[in-house]
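S.K.: With the input below, show me the fold.
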Amino acid sequence: MPRVVISGYYGFGNAGDEAMLTAIIQSLRRHGDFEFVVLSNDPVRTAREHGVQAVRRTAAGAIWQALVSSDALVSGGGSLLQDVTSPLTVPYYLGLIYLARMLRRRVVVYGQGIGPLHGGLARRLTRAVLNRCDLITVRDEASRRELERLGVTRPPVVVTADPVLSLEPPSPAQRPFLREARMPGKGPLVGIFPREWRGREDYKAILAKAADHLARRVGASVALIPMQNPEDTRVCEEIRGLMREPAVVLEGRHSVDDLMTGLFPPLELVVGMRLHALIFAALTGVPMVGLSYDPKIDAFLEALGQQPVGTTDALSLSEVTRRLDEAWEHRAAIRQEMIRRLRPLRERADQSAALAAEVIRGRGKVSPE
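M.R.: Reported below is the predicted structural model:
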């Protein structure tokens with residue numbers, strides 16, 4: 001049975017990244033029998049929650065042993081090759097790829113979003129290392145164009161979709177999380193998924209006023225929901241502190257099944273900054289309004305026929321409330337259009353696994369089509 005090492009931003013408490021790991025494992029298993037070892041910041045939790053072997057992502061000896069005993073490295077998904085969050089991100093993930101290739105292991109870059117890459121050294125390293133991979137799949141056309149600008153010419157770069165879009169629907173919900181959260185009132189449920197971002201801070205005040213607007217206009221019960229703890233929880237608390245209407249901050253960590261069955265389906269509308277909050281909304285048929293802080297948000301919304309309401313650098317309260325009113329009035333039509341556009345995205349997300357499985361087993365040729 002082929003043994004696969006998976007690297008990514010795992011074990012940090014980010015629900016979107018944990019969903020990505022679930023999706024990659026689930027998708028690859030649909031295409032073959034594989035044994036997985038995950039590089040994680042919390043290997044005990046990762047092993048328990050995902051049913052895989054896991055080693056600490058900073059333990060050089062354990063990483064070496066995992067790669068030596070493996071057949072392939074899967075790098076992804078997510079935005080691993082970017083130098084915005086930290087200057088160490090790119091060297092870390094490229095270093096793993098370089099080490100795997102030095103050991104003559106097959107390497108798959110899986111459903112990643114590439115960039116932004118501002119530093120000249122980061123761009124040169126990315127070009128040099130990725131040109132040695134066996135397969136590269138990216139989640140959007142913008143990432144393919146960025147690799148083209150970098151000079152990545154081999155292997156073929158295949159545009160698929162975010163791995164989370166390939167998740168299979170789980171079993172029925174066991175707990176109605178939102179109703180257990182003592183929501184204010186019994187009105188329609190609206191979920192707001194913010195995150196911290198450097199630069200202007202007034203987007204938090206705008207989100208607070210927009211939430212108050214929904215509470216007054218349609219009697220909405222507002223839940224501020226963190227996708228990553230504790231960072232997003234602090235932002236949620238700040239926004240609730242700026243609101244005049246009551247709202248709940250939903251704390252705790254939930255599994256992928258919890259998110260897809262107990263949290264998102266009861267929502268009537270999602271207002272999201274986190275990419276994977278928007279993806280979960282799409283998977284569960286919940287109309288959304290997206291606030292962009294990164295091109296990946298724009299790319300996903302565009303694939304669903306939507307545009308972001310604004311960015312963290314340019315956000316207008318009047319435009320946000322207008323878009324919220326519009327989304328609320330037309331939410332049934334938005335849901336139907338979203339479902340229609342989602343099917344090909346799910347098929348493309350699964351293509352990453354189908355291609356990767358062939359490469360891991362050392363069979364077949366990859367086509368850029």
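S.K.: next SSE after the worst-scoring helix or strand of the chain on mean pLDDT?
M.R.: Sorting the helices and strands of the chain by mean pLDDT, DSSP states H and E puts helix 177-180 at the bottom, at a mean of 58. Where DSSP states H and E defines the elements, the next helix or strand beyond helix 177-180 is strand 189-193.
S.K.: Pairing partners for that following strand, with directions?
M.R.: In the sheet, strand 189-193 lines up against strand 221-224 (parallel), strand 269-272 (parallel) (DSSP bridges).
S.K.: how far off strand 189-193 does the helix or strand where Glu238 lies point, in degrees?
M.R.: In this structure, Glu238 is located in helix 231-242 according to DSSP H and E. With axes from the mean of the first three to the mean of the last three Cα atoms, to 10 degrees as the basis, helix 231-242 and strand 189-193 are set at 120 degrees to each other.
S.K.: for helix 231-242, what is the average pLDDT?
M.R.: Mean per-residue pLDDT for helix 231-242: 95.
S.K.: ok, now stretch 305-319?
M.R.: 90.
S.K.: Point out the other helices and strands that the longest helix anywhere in the chain packs with.
M.R.: When the chain is parsed with DSSP state H, its longest helix is helix 331-360. Contacts defined by 3 or more Cβ pairs under 8 Å, 6 or more residues apart in numbering; DSSP states H and E place helix 331-360 against helix 15-30, strand 72-81, strand 106-114, strand 135-138, strand 157-159, helix 275-283. Placement of C-beta: from N, CA and C, glycine included.
S.K.: what packs against the shortest one?
M.R.: So that's strand 157-159. Using 3+ Cβ pairs under 8 Å, 6+ apart, strand 157-159 sits against strand 135-138, helix 141-150, helix 331-360.
S.K.: Contacts for the next helix-or-strand element following the helix holding Glu238, please.
M.R.: Using DSSP H and E, the helix or strand that follows helix 231-242 in sequence is strand 247-249. With contact meaning Cβ atoms under 8 Å, 6 or more residues apart in numbering, strand 247-249 is reached by 181-184, 211, 215, 221-226, 233, 236-237, 239-240.
S.K.: what bits of the stretch 51-200 of the chain have low per-residue confidence?
M.R.: Scanning the stretch 51-200 of the chain for pLDDT under 70 picks out 169-183, 185, 199.
S.K.: domains for this protein, by residue range?
M.R.: 3-159, 177-344 (automatic domain parsing).
S.K.: Quick one: those as a markdown table, columns for mean neighbour count and distance to Ala357 too.
M.R.: Output for the domains of the chain, formatted as a markdown table (neighbours: other Cβ atoms under 10 Å; distance: least, Cβ to Cβ, whole Å):
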| stretch | mean neighbour count | distance to Ala357 |
| --- | --- | --- |
| domain 3-159 | 20 | 4 |
| domain 177-344 | 19 | 20 |
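S.K.: Now render those domains as a markdown table, adding distance to Ala354.
M.R.: Shown next, in a markdown table, are the domains of the chain (distance: least, Cβ to Cβ, whole Å):
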| stretch | distance to Ala354 |
| --- | --- |
| domain 3-159 | 5 |
| domain 177-344 | 15 |
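S.K.: out of these, nearest to Leu355?
M.R.: domain 3-159 (5.8 Å; Cβ to Cβ).
S.K.: ok now the closest one, how far from the chain's centre?
M.R.: Centre-to-centre, domain 3-159 and its host chain are 14 Å apart (Cα atoms, centre = their mean, to the nearest Å).
S.K.: one step back: Gln351: which of the domains of the chain is closest?
M.R.: Nearest of the domains of the chain (Cβ to Cβ): domain 3-159, 7.2 Å.
S.K.: May I have the distance across that closest one, first residue to last?
M.R.: Terminal residues of domain 3-159 are spaced 25 Å apart (Cα to Cα, to the nearest Å).
S.K.: What of stretch 168-184?
M.R.: Terminal-residue distance, stretch 168-184 (Cα to Cα): 32 Å.
S.K.: do the same with stretch 225-233
M.R.: 7 Å.
S.K.: What are the contacting residues of that stretch?
M.R.: 12-16, 191-196, 235-236, 249-253, 263, 274, 276-277.
S.K.: Using JSON lines, lay out the helices and strands packed on strand 157-159 together with distance to Ala299.
M.R.: JSON lines is the format used below for the helices and strands packed on strand 157-159 (distance: least, Cβ to Cβ, whole Å):
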{"stretch": "strand 135-138", "distance to Ala299": "10"}
{"stretch": "helix 141-150", "distance to Ala299": "5"}
{"stretch": "helix 331-360", "distance to Ala299": "11"}
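S.K.: can you tell which of these is closest to Thr46?
M.R.: helix 331-360 (19.5 Å).
S.K.: Measure how far that closest one is from the centre of its chain, please.
M.R.: Taking Cα atoms, centre = their mean, one finds the center of helix 331-360 at 14 Å from the center of the full chain.
S.K.: again with stretch 239-259
M.R.: 19 Å.
S.K.: and it, C-alpha only, in CSV?
M.R.: Below are the C-alpha coordinates for stretch 239-259, written out as CSV (Å, rounded to 0.1, in the frame of the first residue of the first chain):
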residue,chain,number,x,y,z
ILE,A,239,-17.7,42.9,16.9
ARG,A,240,-20.3,41.8,19.5
GLY,A,241,-19.0,44.6,21.8
LEU,A,242,-19.6,47.2,19.0
MET,A,243,-23.2,45.9,18.4
ARG,A,244,-26.3,47.5,19.9
GLU,A,245,-28.5,44.4,19.2
PRO,A,246,-27.9,41.1,21.1
ALA,A,247,-25.7,38.5,19.4
VAL,A,248,-24.0,35.2,20.3
VAL,A,249,-20.3,34.3,19.9
LEU,A,250,-20.3,30.6,19.1
GLU,A,251,-17.2,29.2,20.8
GLY,A,252,-15.5,25.7,20.6
ARG,A,253,-14.1,23.5,17.9
HIS,A,254,-16.3,21.4,15.7
SER,A,255,-15.7,18.6,13.3
VAL,A,256,-16.4,18.7,9.6
ASP,A,257,-19.5,16.7,10.2
ASP,A,258,-20.6,19.2,12.8
LEU,A,259,-20.1,22.1,10.5
